[in-house]
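Enquirer: 3D model of this:
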Amino acid sequence: MAIESGDRVAIEYVGRFEDGSVFNTSRYEVAVEHGLFEAQERDRDDYAPRSFVVGAGQIIPGLDEAVVGMHVGEDATVTVSPEDGYGEFDADRIRTYAPETFEEMVGETPAVGLHVHAENGLHGDVTAVREDAVEVDFNHELAGKTLEFDIEIVAVE
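Expert: As a prediction, this is how the structure comes out:
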């Protein structure tokens, strides 16, 4: 039976950048092989098939659309453009704050790489700290990137 919108599917996946480097996976062995297990601070049990309802917006559009018509046991390599992934990089999503304002809002001293949660629900990363300014990038870390996924359909409900 071919997968269609409304089906709940489970996929195993390996996500790569265009240069071939792996950025995420559902497979523990792949995470260990590519140094992701320690870097992502996840438990072994966190590596499992990703389950979602097709067409419900629970996964990026490029993967959501790619599974339609596939069958259990089938695998594919899917290239996902930024528009069908995490969006284009938007320079307007980089905000600059006075260091004192940043510390009051976040409750921490600014440091490059610090991940922050804004009151409006946005997440961002500190990308620059100067004497007079702190820059926070609120783009998704994968925004603007073309991604490649090796997927395998492991279940359909």
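
Enquirer: got a list of what the nearest residue to residue 114 once chain neighbours are set aside touches?
Expert: Residue nearest to residue 114 in three dimensions, not counting chain neighbours: residue 126, with 4.4 Å by CB to CB, 6 or more residues apart in numbering. For every residue, glycine as well, the C-beta is placed using N, CA and C. Applying CB atoms under 8 Å, 6 or more residues apart in numbering, one finds that residue 126 lies in contact with 110-114, 116, 134-136.

Enquirer: Make a PyMOL selection of the buried ones in the residues you listed.
Expert: To isolate the buried ones among the contacts of residue 126 in PyMOL, judged by 16 or more other CB atoms under 10 Å, type:
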select buried, resi 110+114+116+134+135+136
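
Enquirer: quick one: the helices in the protein?
Expert: Applying DSSP state H to the chain gives helices spanning 28-33, 36-39, 61-66, 99-106.

Enquirer: Would you pull up how far the shortest one lies from the middle of the chain?
Expert: Read that as helix 36-39. 15 Å (CA atoms, centre = their mean, to the nearest Å).

Enquirer: How about stretch 57-70?
Expert: On the basis of CA atoms, centre = their mean, stretch 57-70 sits 15 Å off its chain's mean C-alpha point.

Enquirer: got a list of contacts for that stretch?
Expert: Outside stretch 57-70, the residues touching it (CB under 8 Å, 6+ apart) are 2-5, 9, 11, 13, 50, 52, 54-55, 76, 78-81, 84-86, 147, 149, 151, 153.

Enquirer: List only buried entries from these.
Expert: 3, 9, 11, 13, 50, 52, 54, 78, 80, 84-86, 147, 149, 151, 153.

Enquirer: if we can go back for a sec, which one of the contacts of residue 126 is nearest to residue 21?
Expert: Minimum distance to residue 21 across the contacts of residue 126 is 19.0 Å, recorded for residue 113 (CB to CB).

Enquirer: sorry, back to before: could I get the contacts of residue 126 as JSON lines with pLDDT?
Expert: Formatted as JSON lines, these follow (pLDDT from 0 to 100):
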{"residue": "110", "pLDDT": "95"}
{"residue": "111", "pLDDT": "96"}
{"residue": "112", "pLDDT": "97"}
{"residue": "113", "pLDDT": "94"}
{"residue": "114", "pLDDT": "95"}
{"residue": "116", "pLDDT": "93"}
{"residue": "134", "pLDDT": "97"}
{"residue": "135", "pLDDT": "97"}
{"residue": "136", "pLDDT": "96"}
